[in-house]
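Enquirer: got a structure for you, letters missing:
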């Protein structure tokens, strides 16, 4: 029961951090990704950050987890499973270690941010209608 409670708290914290990251910016569009963790798959986009990703990155290797950019449409969903021992930033998403984040895209725009899982260190998300 404690493990489930910790996972729920971690997921809630990740959602708050993601919402805060999405709300910032310099006058550009703000992301309004809505959690859909209660909606079962299939998902339009699914990525798994495997255990050992942080180690590969620290060794200067490309773990090949995420693309540098992703084009999605309003209403589509993304699921990111972080099986690594380290939390990772994927553009506007902050995925805590050992958690799964799933979102439905609700706002169009181009959202750029840091990606801790690819060698370019950037992630560009384009959401179109």
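Expert: Noted; the coordinates are in hand. Fair warning: this is a prediction, and the values are worked out from it, not measured in the lab.

Enquirer: only C-alpha atoms from now on, for both contacts and neighbour counts.
Expert: Fine.

Enquirer: quick check: buried residues in stretch 55-75?
Expert: Buried residues in stretch 55-75, counted by 16 or more other Cα atoms under 10 Å: 63, 66, 67, 68, 72, 73, 74, 75.

Enquirer: and for stretch 113-125?
Expert: Residues of stretch 113-125 classed as buried: 113, 114, 115, 116, 117, 118, 119, 122, 123, 124, 125 (neighbour count, 16+ other Cα under 10 Å).

Enquirer: start to end distance for that stretch?
Expert: By Cα to Cα, to the nearest Å, the extent of stretch 113-125 from end to end equals 9 Å.

Enquirer: what lies in contact with that stretch?
Expert: 53-54, 57, 61-72, 88-92, 110-112 (Cα atoms under 8 Å, 6 or more residues apart in numbering).

Enquirer: tell me which helix or strand of this structure sits lowest on mean pLDDT?
Expert: helix 2-23 (a mean of 38; mean pLDDT, DSSP states H and E).

Enquirer: show me what residue 127 is bridged to.
Expert: Beta-bridge partners recorded for residue 127 (DSSP bridges): residue 72, residue 109.

Enquirer: roughly how far does it sit from residue 112?
Expert: In terms of Cα to Cα, residue 127 sits 11 Å off from residue 112.

Enquirer: comparing those two, which residue is more hemmed in?
Expert: Taking neighbours as other Cα atoms under 10 Å, residue 127 and residue 112 compare with residue 127 leading, 20 against 17.
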